[in-house]
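Q: sequence first, predicted model second:
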Amino acid sequence: MMMTNTANAASSPQAAGSGQQAANQDTQTSQADLLIPKAKTLALDEIRIAAARSSLDEGAVTPGNGPHREAIVKLLNDALATELVCTLRYKRHHFMATGLSSPAIAEEFKVHANEESAHADMLAKRIVQLGGEPDFAPDTLLGRSHAAYDESNDLQAMIRSNLVAERVAIETYRQMIQLVADEDPTTRRVLEHILEEEEEHADELSDWLDK
Ligand SMILES: [Fe+2]
Ligand SMILES: [Fe+2]
C-alpha cells in the first residue's frame, strides 16, 4: 500500500512533467510551423533558375518577376506621369516666385523641381528594366498623374497646392510599396527612396506654410 502510494506519488509528477514537456514540444512545433510555413521551404526553384538561363533578350526580367510585371509597369508609369506633372508645377512656381521677389521659396521650388525630375528618371529606368516602356506622352500626362498642375500666382496658394500634391504622392507611394512588397524587391527599394524624399518635401512645405 505504502509502495503503491509512493509509486503513485512518484509517477504522478513524472507523468505530469512529461505531459507538460510534450505540451511544450507541441507549442514549440506549432510556433515553428507558424514561422516557416510548410509550403515555403528554404529551397531554390530550379525550374525558374533554368528558365533564367535562357531568354537572354529579356534582360533583367526573369521568371521571378511573376505574373504582375505588367501591372507594376502600369503603376510605375502613373507615378512617372505624376513626377513629370510635379516637375512642371514646381518649375512654374519657381519662375513665378522669382518674379514675386521671394528668392528663398523660389529656390526651394527649384530644388524640388529637380528632385521630382530625378524621381521621374528613376521610375523610367526601372520601367525599362522590367521590359516596359516609359510613357512620356505629353497629351495624356495630366490625366494619368495622381497630382494636379497649378497656376496659382499667390505664394501661399503655391505652397498649399504643392503640399497637397506631395501628400497625394506620399499616399500613392505608400500604397505602391505595399502592393509590390514581396513581388518585386528592387522596385520596392526605388519607391521607398522616392517616398523618403517626398516626405522631406512635405515637411519643408509645411514649414513654409507657417511663415
Ligand atoms: Fe517626386
Ligand atoms: Fe516631392
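A: Yes, it's here. Ligands and ions are numbered 1, 2, ... in the order given.

Q: what about the helices in this protein?
A: Along the chain, counting by DSSP state H, helices occupy 2-35, 46-53, 69-99, 103-129, 141-144, 155-180, 185-210.

Q: among those, which is nearest ligand 1?
A: Ligand 1 lies closest to helix 103-129 among these, at 3.6 Å (CB to the ion). C-betas here are computed from N, CA, C, even on glycine.

Q: tilt between that closest one and helix 69-99?
A: 160 degrees (axes from the mean of the first three to the mean of the last three CA atoms, to 10 degrees).

Q: just checking, what packs against helix 103-129?
A: Judged by 3 or more CB pairs under 8 Å, 6 or more residues apart in numbering; DSSP states H and E, helix 103-129 is in contact with helix 69-99, helix 155-180, helix 185-210.

Q: the ones you listed: which one's closest to residue 143?
A: Checking the helices and strands packed on helix 103-129 against residue 143 by CB to CB gives helix 69-99 as the closest, at 8.1 Å.

Q: which bits of this protein sit near ligand 2?
A: 166, 198, 201 (CB under 5 Å from the ion).

Q: what's the neighbour count on the second one?
A: Just to be clear, that refers to residue 198. The local packing of residue 198 (other CB atoms under 10 Å) involves 25 other residues.

Q: so that it lines up with my notes, have the first residue be 26 from now on.
A: Done: numbering now begins at 26, and the last item shifts to residue 223.

Q: tell me the most buried of the helices and strands packed on helix 128-154?
A: helix 94-124 (a mean of 20; mean count of other CB atoms under 10 Å).

Q: return the distance of that helix from the chain's centre.
A: 17 Å (CA atoms, centre = their mean, to the nearest Å).

Q: let me know the angle separating that helix from helix 210-235.
A: Calculated by the same axes, to 10 degrees, helix 94-124 forms an angle of 30 degrees with helix 210-235.
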